[in-house]
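In: Give me a model of this one.
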Amino acid sequence: MTNAHGPRMHFARLAPEVHRALAGVEAAAKKDLDPTLVELIKIRASQLNRCAFCIDMHTKDALAGGERPERVHLLNAWEEAAGYYTDRERAALALTEAVTVLTDGFVPDEVWARAAEHFEETELAHVLGVIVAINAWNRIGVTTRMTPGTYRAAPVKH
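Out: Sure thing, here's the model as predicted:
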């Protein structure tokens, strides 16, 4: 399936320094975090931002990394699917939603406190970094109308 309008531009080719810098931010943010958690954060933020390219990419990466299909399929309703996600994942997903949407202009204290219960401070800073990075990627993907379906997950190295 392709985008009816086609891509507006090829951002990585036109702004390679910005693309590399953002990739560097993402790599630094996800360092030392569980790759499964990182993909859940990326998928959920991408769902909220309606970035079809990123949903496609991170769903494929999660599945290639061994994530169970049920958890990927239920991610859009993670609060109702309590038995599928750990308390730690649920705290990260709540923080992802609060940071991504910012409907009231802030991240509620209770959401931050919940995340802080499950992540030590440095780790929480990295979770926040992953959330910020995927939101930047989503905004590029949605704005430039990146076409979903073209991404292929790399083979997982064991």
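In: okay, now V101: neighbour count?
Out: By other C-beta atoms under 10 Å, 12 other residues sit near V101. C-beta: built from backbone N, CA, C; applies to glycine.
In: my guess is it contacts L48, does it?
Out: Yes: counting by C-beta atoms under 8 Å, V101 does reach L48; the two are 6.1 Å apart.
In: between these two, what contacts are shared?
Out: Shared contacts of V101 and L48, defined by C-beta atoms under 8 Å, 6 or more residues apart in numbering, are absent.
In: three-state assignment of P148?
Out: Under the three-state scheme (DSSP: H, G, I helix; E, B strand; the rest coil), P148 adopts coil.
In: swap in the one 5 residues further on?
Out: Three-state secondary structure (criterion: three-state DSSP) places A153 in coil.
In: what residues are up against it?
Out: Taking C-beta under 8 Å, 6+ apart as the criterion, A153 is in contact with M57, K60, D61, L63, A64.
In: For the first one, pull up the helix or strand it's in.
Out: This means M57. If you go by DSSP states H and E, M57 is part of helix 52-64.
In: mind checking how far the helix or strand following that helix is from the chain centre?
Out: Counting by DSSP H and E, the next helix or strand C-terminal to helix 52-64 is helix 69-74. Remark: helix 69-74 is offset 15 Å from the chain centroid, using C-alpha atoms, centre = their mean, to the nearest Å.
In: buried sites along helix 69-74?
Out: By 16 or more other C-beta atoms under 10 Å, the buried positions in helix 69-74 come out as R71, V72.
In: Kindly tell me how buried T100 is, as a neighbour count.
Out: Burial of T100 is recorded as 20 neighbouring residues (other C-beta under 10 Å).
In: so it makes contact with L48?
Out: Yes: at 4.8 Å, T100 and L48 qualify as touching, with contact defined as C-beta under 8 Å.
In: For this structure, which helix or strand comes out least confident on mean pLDDT?
Out: One helix or strand of the chain scores below all others by mean pLDDT, DSSP states H and E: helix 11-14, with a mean of 92.
In: Quick one: list the elements packing against the helix or strand following it.
Out: Moving toward the C-terminus from helix 11-14, the next helix or strand (DSSP H and E) is helix 16-30. For helix 16-30, the contact count by 3 or more C-beta pairs under 8 Å, 6 or more residues apart in numbering; DSSP states H and E identifies helix 11-14, helix 121-144 as packing neighbours.
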